[in-house]
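Asks: sequence first, predicted model second:
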Amino acid sequence: MEAGLVKLNPELMALISRSGGTDIVPFRQEIFVINVFVAGTGYCDRITEVLGYLQTGMQLTMRRHPENEVDDYAIGIWHKDVRIGWVPMKDNLVIARLMDAGKLFSCKVVRVEPHEKWPKINVSIYMID
């Protein structure tokens, strides 16, 4: 019997993972970057609806918005298809540059404080490496 590496193929990956192996990332780790309050939550039309779903530890998506008229380094924070706000301008430059270079980021809800006009959503931002 020959010892060595086994070549991966779609059938083998399907056996390993229910999603066809696409969620297997060797040596993946989350590196904590910063803890911030989401900026601009009061401008989200559906914020009241979204607040009902947010829970401590829930992962949110981050997307670059280089075409933003106010901030060239804008990064939106999303819950599913709703942008709930932004990474604050004072904190987004390095993260935006890393995202533009291909690094992946996500954030997790730390705390939610409902307020009528400006809900406070505290998140921890992580680089996925």
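Replies: Done, it's in. Numbering: from 1, shown residues only.
Asks: can you read off the pLDDT for the spatially closest residue to residue 123 that is not a sequence neighbour?
Replies: The shortest distance from residue 123 to any non-neighbouring residue, by Cβ to Cβ, 6 or more residues apart in numbering, is to residue 107 (4.2 Å). The way it works is simple: take the backbone N, C-alpha and C, and place the C-beta from them, glycine included. Note on residue 107: pLDDT of 97.
Asks: residue 107 sits in which helix or strand?
Replies: Per DSSP states H and E: residue 107 is located in strand 104-113.
Asks: what are the contacting residues of that strand?
Replies: Strand 104-113 is contacted by residues 30, 33, 35, 51, 54-62, 75, 77, 95, 98-99, 119-128 when judged by Cβ atoms under 8 Å, 6 or more residues apart in numbering.
Asks: that one pairs with which strands?
Replies: Using DSSP bridges, the strands paired with strand 104-113 in its sheet are strand 59-64 (antiparallel), strand 120-128 (antiparallel).
Asks: and the first one, how far out from the chain's middle?
Replies: Read that as strand 59-64. 3 Å (Cα atoms, centre = their mean, to the nearest Å).
Asks: one more: the last one?
Replies: When distances are taken as Cα atoms, centre = their mean, strand 120-128 is centred 8 Å away from the chain's centroid.
Asks: for it, what is the average pLDDT?
Replies: Computed over strand 120-128, the average pLDDT equals 97.
Asks: which parts of that strand are buried?
Replies: 121-127 (16 or more other Cβ atoms under 10 Å).
Asks: from residue 83, how far off is residue 103?
Replies: 20 Å (Cβ to Cβ, to the nearest Å).
Asks: for residue 113, same thing?
Replies: 19 Å.
Asks: okay, angle between the strand or helix carrying residue 84 and strand 120-128 too, please.
Replies: Element membership of residue 84 [criterion: DSSP H and E] is strand 82-86. Going by axes from the mean of the first three to the mean of the last three Cα atoms, to 10 degrees, strand 82-86 is angled at 90 degrees with respect to strand 120-128.
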